[in-house]
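[1] return atomic coordinates for the entry below.
(2 chains)
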Amino acid sequence: MHIHKLEKIWLTIGITMLFVFLAILGVSAFAMGVKPPSEHHHQLDPAKVQETAPFDNPGLHQIGDNEYEAVMTAFTFGYAPDKMEIPLGATVNFTVTSQDVVHGFAIPGTNVNMMIVPGEVSHVTHTFTKPGEYLILCNEYCGGAHEYMKTTITVR
Amino acid sequence: MDLNRTNHHRFDLKDGKLVVAHILVAFIALLIGGIAGLLQTMVKSGTVKLPYGIGYYELLTAHGILMAIVFTTYFIIGFLYSGVSYTLGGKLLPIVHRMSWLGFAFMTAGTVLGVIMVLTGKASVLYTFYAPLKASPYFYIGLALLVVGSWISGWGIFWQYKYWKQTHQGKLTPLFAFMSVVTFLMWQIATIGVAAEVLIQLIPWSFGWVETINVMLSRTLFWYFGHPLVYFWLMPAYICWYVIIPKIIGGKIYSDALARLSFILLLLFSIPVGFHHQLMEPGISSFWKYLQVVLTFMVVIPSLMTAFSLFATFELNGRAKGAKGLFGWVKVMPWKDVRFFAPFMGMLIFIPAGAGGLINASNQMNAVVHNTLWVTGHFHLTVATSVALTFFGITYWLLPVVTGRVLTPRMNKLGIIQTIIWCVGMFFMSGAMHLVGLFGAPRRTAFTTYEGNADAAAWMPYYVFMAIGGTVLFIGVLLMVYNVFALLRAPKGVEEYPLGEAMESAEATPAYLDHWRLWISLSVLLILVAYTIPLMDMITSTTPGSKGFITW
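    Just a heads-up that it's a prediction; the model follows:
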């Protein structure tokens, strides 16, 4: 099949850029660990969330020097725990699951954004370097009062 | 070329009725979906409160299904049947004609049943119907009928194509028909996912025959279908851009072979890519996500080919008309012909729309925009502008052609006005959605201040802009629906079916492009590579399933 010279140039530049771009995504994911959140870790019975560790004790647990694990459950239409206070500069590992339907978990102004699927546990890590009140909201439709589903984190 | 001979016959008016029926249902869906859309933007900006207990999410479900599924599918089938009838013998075979009406009956029964379930509040699950939200089983049955109906119509196209090939041994199939077959082949392979989800998982579960559902599996089957769905909308628009537009501007198709090759690439790279809609969720490992991201981006190649071909057609045609200078050819394009202007605006808007799509699919970068209004803004540029404006542009000549009428100068002018209204409305609405999405404003969410949260308060002005855009767009919907009915009352006459021909200098099309077994095998192979291991992982998972929830 004949391809015009100008089209060959156009396609060569375009496809080269494409592969450079994909290489950047790949290197940052696998060499630098900047992967999409909530990789496969472990699963649980969605009907028994409140009896299953660690979700039998939701809340903020210190696990290191200014590092915390936030164990949270999402449900229609809220999150447990309801409010959290975090020291400035703390790194928080969020461990979240759902008690019922699929929910979202996003903190506007940060890159924290993941799906919460019943039976699965989602993970994301964020370091809070600015003080203030952070909104956690559900950004996946979960039912009639979906727009009220939120909680807040205070960083001080 | 063979195309020359078939180019000037009259359209079969019996087949024309079939086309009109599909186009009419499409635009009725557009009208009802448009009303729902207008109300949504009003509610979201806090401008109005819904009376009579109407829920925001019922409107949202109806809007999504009527616009994204019903409007598009009916229009596509009507448009493709017109081209198949016209280029493959000038008339549908009697059996194909019956198959198409049967498909139409199935689809319409399914649509009516599904929409009734939504409007009566038994299925406020949005058009993605994610389990374990549990709708009435009759909602899922309606969806199944809709899909099965579209299959029957697709099989009719395959039948007509096969018959034509048998009776035209050794001849190159018409480009329009080739592209129609690729489109429905892709649709056939892609809908297997959603059919499996609905028939094997959702229907038995919503009837209560089984207690629980494997949620990750259902999401994966849905998105196996959900991304190719967007190519199902796009490919008929590409048919217009590749085959119809060159004729309307008085030029030629740049290269028949490259056009076919780009469609084959779309077939191969549209399906094994659903994980890029699931990047932010658990249950799928980073490796498989990244692999499907790479496959997703392969669609850049046919997109670059298409962009080159289209603009090569424009420029060569302009220069043939005597245009001088680097951009002199822009001036000689038929800007005042709605058959060109509306699809061209769609084409132009596809450039930013496609760029937004690259951002969405960019693996970890998706975290910035996932489930925000950015995504809503994105597909209102792609399907609701690029595709919709192209379909509108097609309507202005298609309805006259298939009913033996003419496109009058008045209708042409109304069409130009409608196109401008649409672009202005979408500039405000989609523009505001993109911006506020970057700040984290969630999609699919009714009016809320999150108890007076400061971040959320800053989003409100953008919602007002969305409502302004939505209002302008609704005027566009009303004008378009008026135009459709006015076109059906246009004066009798002969309107040409604008079917492009390849340039004389273009080389013969290689025969391997017509080797369906090869392309189907390659497509299946890519799907198996991308999906087998993660799917096996989900199917064999020991996680207990979810029971259903009705949370609305």
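[2] going forward, measure contacts and count neighbours with C-alpha atoms only.
    Fine.
[3] what about the residue in chain A positioned nearest to chain B, is that helix, strand or coil?
    Closest approach of chain A to chain B (C-alpha to the nearest C-alpha) occurs at A:Gly144, with a separation of 4.0 Å. When classified by DSSP: H, G, I helix; E, B strand; the rest coil, A:Gly144 comes out as coil.
[4] and it, its phi and psi?
    Note on A:Gly144: its backbone torsions stand at phi -60, psi -30 [degrees, to the nearest 10].
[5] burial count for it?
    By the measure other C-alpha atoms under 10 Å in any protein chain shown, the count of residues near A:Gly144 is 20.
[6] ditto for B:Ala457
    Per other C-alpha under 10 Å, the neighbour tally for B:Ala457 reads 13.
[7] hang on, it in a helix?
    Yes. Per three-state DSSP, B:Ala457 lies within a helix segment.
[8] pLDDT value on the nearest residue to it once chain neighbours are set aside, please?
    Once flanking residues are discounted, B:Ala457 sits nearest to B:Thr449: 6.2 Å by C-alpha to C-alpha, 6 or more residues apart in numbering or on different chains. On pLDDT, B:Thr449 comes in at 92.
[9] B:Gly425: what's it in contact with?
    Going by C-alpha atoms under 8 Å, 6 or more residues apart in numbering or on different chains, B:Gly425 touches B:468-473.
[10] now it: how far from B:Val472?
    Computed as C-alpha to C-alpha, to the nearest Å, the B:Gly425 to B:Val472 distance reads 5 Å.
[11] quick one, helices of chain A?
    For chain A, helices defined by DSSP state H occupy the ranges A:5-30.
[12] hmm, back to that, in a helix, that's where the residue nearest to B:Ala457 is, yeah?
    No. B:Thr449 is assigned coil when assessed by three-state DSSP, not a helix.
[13] that one touches B:Ala456, doesn't it?
    Yes. Contact criterion C-alpha atoms under 8 Å: B:Thr449 and B:Ala456 qualify, at 5.8 Å.
[14] would you agree the residue of chain A closest to chain B is in contact with B:Phe447?
    No. A:Gly144 is beyond contact range of B:Phe447, at 12.0 Å (criterion: C-alpha under 8 Å).
[15] report pLDDT for the nearest residue to B:Thr448 once chain neighbours are set aside.
    Nearest non-adjacent residue to B:Thr448, counting by C-alpha to C-alpha, 6+ apart: A:Glu147, 5.9 Å away. Per-residue confidence (pLDDT) for A:Glu147: 95.
[16] equivalent analysis for the one 4 residues further on, please.
    The confidence metric pLDDT takes the value 95 at A:Thr151.
[17] beta partners of it?
    Here A:Thr151 sits in beta bridges with A:Ile136, as judged by DSSP bridges.
[18] pick out the residue nearest the middle of the chain.
    Because you didn't say which chain, this covers chain A. A:Met114 (3.5 Å; C-alpha atoms, centre = their mean).
[19] not what I meant, chain B
    Short answer for chain B (C-alpha atoms, centre = their mean): B:Trp233, at 1.9 Å.
[20] what number of residues lie near A:Met17?
    12.
[21] quick check: the gap between the nearest residue to B:Trp205 once chain neighbours are set aside and chain A.
    Computed as C-alpha to C-alpha, 6+ apart, the closest residue to B:Trp205 that is not its neighbour in sequence is B:Glu211, at 6.2 Å. In this view, B:Glu211 and chain A are 12 Å apart by C-alpha to the nearest C-alpha, to the nearest Å.
[22] repeat that for B:Phe104.
    On the measure of C-alpha to the nearest C-alpha, B:Phe104 and chain A end up 32 Å apart.
[23] again, but for B:Met433
    With C-alpha to the nearest C-alpha as the criterion, B:Met433 and chain A are 15 Å apart.
[24] which helix or strand contains that residue?
    B:Met433 is part of helix B:409-438 when elements are defined by DSSP states H and E.
[25] buried set for that helix?
    For helix B:409-438, a neighbour-count test (16 or more other C-alpha atoms under 10 Å in any protein chain shown) marks B:411-412, B:414-423, B:425-438 as buried.
[26] tell me, how many residues neighbour B:His378?
    23.
[27] can you tell me the element it falls in?
    Using DSSP H and E, B:His378 maps to helix B:373-381.
[28] who does that helix touch, helix- and strand-wise?
    Using 3 or more C-alpha pairs under 8 Å, 6 or more residues apart in numbering or on different chains; DSSP states H and E, the elements in contact with helix B:373-381 are helix B:338-360, helix B:409-438.
[29] out of these, which gets nearest to B:Tyr290?
    helix B:338-360 (13.2 Å; C-alpha to C-alpha).
[30] could you export that closest one as CSV, CA atoms only?
    C-alpha atoms of helix B:338-360 as CSV (Å, rounded to 0.1, in the frame of the first residue of the first chain):
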residue,chain,number,x,y,z
VAL,B,338,-24.9,22.5,6.5
ARG,B,339,-24.1,19.0,5.1
PHE,B,340,-20.5,20.1,5.4
PHE,B,341,-20.5,22.7,8.2
ALA,B,342,-22.1,20.5,10.9
PRO,B,343,-19.9,17.5,10.5
PHE,B,344,-16.8,19.8,10.0
MET,B,345,-17.5,21.5,13.4
GLY,B,346,-17.8,18.0,14.9
MET,B,347,-14.4,17.1,13.3
LEU,B,348,-12.8,20.2,14.6
ILE,B,349,-14.1,19.7,18.1
PHE,B,350,-12.8,16.2,18.0
ILE,B,351,-9.3,17.5,18.3
PRO,B,352,-9.6,18.9,21.9
ALA,B,353,-12.1,16.0,22.7
GLY,B,354,-9.5,13.4,21.7
ALA,B,355,-6.7,15.2,23.6
GLY,B,356,-8.9,15.1,26.7
GLY,B,357,-9.4,11.4,26.2
LEU,B,358,-5.6,10.8,26.1
ILE,B,359,-5.5,12.5,29.6
ASN,B,360,-8.2,10.2,30.9
